[in-house]
Structure formats: C-alpha cells, structure tokens
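# Sequence and predicted model, in that order:
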Amino acid sequence: MHKEEVTAIAPGRINIIGEHTDYNYGWVMPAAIQKHTRITMNRIPGNICKVEALDLKDSFEFDIRDFSRIDHGWQNYVLGVVGEIMADGGTPGAFTCTIQSEVPVGGGMSSSAALECSIAVALNELFTLNIEKQRLIQACHRAEHNWVGIKSGIMDQFASMMGKRDHALLLDCKTLDYEYLPLQLEGYDILVLNTNVAHELASSEYNKRRNECEEGVYILKKYYPEIESLRDVQMDILLKHQSEIPPLIYSRCFHVIRENNRVHQATYAMRQNDIAGLGALLYESHYSLRDHYQVSCAELDFLVEHSKSEPAIAGSRMMGGGFGGSTISIIQSERTPAYIEKISSLYHESFGLELTSTIVATDDGARIV
Ligand code: GLA
C-alpha cells in the first residue's frame, strides 16, 4: 500500500577544511549537523502541487505535468529537485508540502542543500521511486546548477545526504569515494559563529572563481594534456609555469592546490588526535581564502583575528562559499561560554549586528522520520 504522507529531514553541514576545492574535483571534510530542514509531503489527486515555506510565510503552486524555473527565488530549489528527479526517470505524482528550516539562510551551513535533499528524500519515499542516495545527490546537485544557477561543487548535497553522527566525511569530489573520520575532539567544541551577513557578491563571485580556476587548468593543459582539473596539479607544476599565468589566476590556483594538501594534512592530524596541528591548518586555510582566493569579508576576518588572541582556540577560519556566513573554530569546551559572550559583544560593538553561535552536534544524513 502506498503512503499518503511522509516527513523527511535533511541536515545542514559544517566543513572542517577543504574550501572551494569541491568544484575543482579535490577533497573536502564536511560533517552533517543537528540543524535540519523538515518537509511534510502529502499525496493529492490531480496535477497541481502546492508548496508552502512556513518560515517565509510564502507559498506557490505548479503543475506537475508542465513547469519550469522561475526568475529568482527559493521556489527554484523545489522545482529543480522535482524537475531533475523527473529528468532522471522518476515519476512523482501531485503533492502538497510544507517546509520548515532551522538551517540559517546565508549562514554558510548549506540551507540550500538541506532543502534540496529533504525534498528529494520525501519524494523518493512518498512515490516509492526507489532511487538510490547517490543518484538523489546528483539530482540535487543538478538542481543547483540548472535551476538555481550556482555552479557549486558536490560537497553540500553529499554531506547532507551521507553524513554520519560523530563523524566527518573525507570526500574525494572526483571519484566520490568517501570515508568516515571519527570526530572526537576530546575536551574541545566545534563552534560556529554566524556573522548574519550575506553580501550580495556571494553568487556572482562564486561562479567567477570557478571560471578563474578553469582558466588556470586551460593554461596548464597545454603542457600537460592529462590535467583535467586543479586536483591534478601539483605545486611544482604551478610554480614552473608561474610566468605564463596571470597573477590573479595564479593566486586562485595556489589556494586550491594548497587547500587540497591541507585536507590530507588535516586527516592525518585528526587521526593522530593532534588538535594543535589541525587548528594551525584552519588558520592557514582562512588566510589563503582571504588573501589568495579573496572570498572573505571584514566580519569574517574580524572573528578569525579575535580567535587568534584567545589561547583556548586551536584554530578558526571562514566556512563555506564566503562573503558572509560563518566561521568555524575549535575551542576548549570549558572556555566556550565565556568566549561566546565576549566575542558577541565585541562583534556587536564593531558592526552593530548580532552574532549567532552554535556548538556543533553532528548528525546522520537526510532521512524519513
Ligand atoms: C558553497 C558551495 C560548495 C562549496 C563551498 C566552498 O557552500 O555550495 O559546493 O564550493 O561553497 O567550499
């Protein structure tokens, strides 16, 4: 007997390290978190679907037989997932659904992937589509490209779908091979501080960075035809051809190649329980995102600079696409509450904005509840 109603949740994510490496087919180290998007979906007769975003107090309708992307808006995440699942051969019927989310929009914790993945999992269950998770991830990823228009990598959808409580994912974005790394930072918290700013530049600059990386690959490919992405480039090759690469493109490539190395070093540090070593890599990652990749902003830099003068913090960096969103820090648990209080008031004094803090609890991936 088929179901009439399902509820699905999908988590947001943090990323310990590996920023702007996913669409360069490199490595990332995200983890799913206990902040979710929740979808309740009902089967209905006819063809007109109705979708309601409870937090936004907004809703829309579409005809399941014939729909296309709209100009701009959250609706494209929903339409995109339905459309891409249908393009992949899935045949959902009409439905109504409500959406509620605890993942802050623009907070660098991937509210968009949480929305996409929760819709995908709900559709899959309600209409018994029997699509395996890896294919749902791809459909959600295509929704982001083809419907939302952001040429993102696969990290967010992968983490939201495949996360595992108490673990980070070490994901190879080329082969999609992955491993679960135990996330036991004994005596430490993972603290996410949301700047509550989302600068306009985020999506246009994001796609621009992707093109800049591709330009680097294009130049290097003339010498090494086997190079398909920056993932295949080692630092000695980049250095050797520095004079032929425009300085801006060189800086972008420099960040990506080093950041990929940092993911491997961080994996080693985690396995050795070397928190100081892991923390140092977080700082290095931030400075590279700020100086070479140029995706940070004053608010993020302010938070990272302050963490430097706090001995209880092992490391800190901006997280996600940049131009706002959050920082991630590794901090001694006993010091966390006092630090949150101090940094929130300093942040408010400097920017006139509230800082939102989250002590991260990891979670499993998207599922029916
Ligand atoms: C955003 C994108 C991800 C990834 C990060 C940067 O979150 O959705 O695919 O590229 O930025 O690492």
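Structure received.

# Spell out which residues of the protein are next to the ligand.
Glu19, His20, Asp22, Tyr23, Ser110, Ser152, Gly153, Met155, Asp156, Gly320, Gly321 (CB under 6 Å from any ligand atom). To be clear about C-beta, it is placed using only N, CA and C from the backbone, and glycine gets the same treatment.

# Give me the neighbour count for the third one.
Looking back up the chat, that one is Asp22. Neighbour count of Asp22, defined by other CB atoms under 10 Å: 22.

# hmm, back to that, including pLDDT and secondary structure, could the residues of the chain next to the ligand go into CSV?
Listed next are the residues of the chain next to the ligand as CSV, based on pLDDT from 0 to 100; DSSP: H, G, I helix; E, B strand; the rest coil:
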residue, pLDDT, secondary structure
Glu19, 98, coil
His20, 98, coil
Asp22, 98, helix
Tyr23, 98, helix
Ser110, 95, coil
Ser152, 94, coil
Gly153, 97, coil
Met155, 98, helix
Asp156, 98, helix
Gly320, 95, coil
Gly321, 94, coil
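
# just those residues now: which is nearest Glu5?
When the residues of the chain next to the ligand are ranked by distance to Glu5 (CB to CB), Ser110 comes first, at 26.4 Å.

# what's the helix or strand for the closest residue to Gly149 other than its chain neighbours?
Distances taken as CB to CB, 6 or more residues apart in numbering put Ser203 closest to Gly149, at 7.4 Å, once the chain neighbours are dropped. Secondary structure assignment for Ser203, by DSSP states H and E: helix 202-221.

# check contacts around the residue of the stretch 1-150 of the chain found nearest the ligand.
As assessed by CB to the nearest ligand atom, the ligand sits closest to Glu19 within the stretch 1-150 of the chain, at 4.0 Å. Counting by CB atoms under 8 Å, 6 or more residues apart in numbering, Glu19 touches Val28, Glu259, Ser285, Leu289, Tyr293, Arg317, Met318, Met319, Gly320, Gly322.

# What is the nearest of these to the ligand?
Nearest to the ligand among these, with distances taken as CB to the nearest ligand atom, is Gly320, at 4.3 Å.

# And the strands in the protein?
5-15, 27-28, 30-43, 48-53, 58-63, 95-101, 167-172, 178-182, 188-198, 313-319, 324-332, 356-359, 367-368 (DSSP state E).

# So which of the ones you listed is nearest Leu346?
strand 188-198 (11.2 Å).

# What average pLDDT does that closest one get?
The pLDDT scores in strand 188-198 average 96.

# Tell me the buried residues in stretch 123-130?
Leu123, Asn124, Glu125, Leu126, Phe127, Leu129 (16 or more other CB atoms under 10 Å).

# Is it correct that the third one is in contact with Glu5?
No: at 10.2 Å, Glu125 does not count as touching Glu5 under the criterion of CB atoms under 8 Å.

# Spatially nearest residue to the residue most central in space within the chain (excluding sequence neighbours)?
Nearest to the geometric centre of the chain sits Asp156, at 3.8 Å (CA atoms, centre = their mean). Leaving aside its chain neighbours, Asp156 sits nearest to Ala113 (3.5 Å; criterion: CB to CB, 6+ apart).

# tell me the contacts of the residue in the stretch 201-350 of the chain that the ligand sits nearest to?
Closest contact between the stretch 201-350 of the chain and the ligand, by CB to the nearest ligand atom, is at Gly321 (3.4 Å). By CB under 8 Å, 6+ apart, Gly321 lies in contact with His20, Gly108, Ser152, Ala202, Tyr206, Val295.

# cutoff 6 Å now
By CB atoms under 6 Å, 6 or more residues apart in numbering, the contact list for Gly321 reads Ala202, Tyr206.

# mind checking the backbone torsions on it?
phi -70, psi -30 (degrees, to the nearest 10).

# Could you list the low-pLDDT ranges of this structure?
1, 201 (pLDDT under 70).

# longest single helix anywhere in it?
helix 247-271 (DSSP state H).

# Just want the angle from that one to helix 202-221.
Inter-element angle recorded for helix 247-271 and helix 202-221: 100 degrees (by axes from the mean of the first three to the mean of the last three CA atoms, to 10 degrees).

# From the chain's centroid, how far away is helix 247-271?
With CA atoms, centre = their mean, to the nearest Å as the basis, helix 247-271 stands 17 Å off its chain's centre.

# Packing partners of it?
Packing partners of helix 247-271 (3 or more CB pairs under 6 Å, 6 or more residues apart in numbering; DSSP states H and E): helix 202-221, helix 275-291.

# Please identify which of those is closest to Gln265.
helix 275-291 (5.7 Å).

# Just the angle for that closest one relative to strand 324-332, thanks.
160 degrees.

# just checking, what packs against helix 275-291?
helix 247-271, strand 313-319.

# What are the buried residues along it?
275, 277-286, 288-290.

# Now flag whichever of these is closest to Leu230.
Nearest member of the buried residues of helix 275-291 to Leu230, counting by CB to CB, is Ser288, at 13.6 Å.

# Need the nearest residue in space to the closest one, chain neighbours excluded.
That would be His255: by CB to CB, 6+ apart, it lies 4.8 Å from Ser288.

# Could you report the neighbour count for the one you found?
27.

# Isn't it up against His292?
Yes: the pair His255 / His292 is scored as a contact, 4.0 Å apart, by CB atoms under 6 Å.

# any idea how far stretch 164-174 is from the chain center?
12 Å.

# ugh, wrong one, I meant stretch 113-132
Using CA atoms, centre = their mean, the offset of stretch 113-132 from its chain centre is 19 Å.
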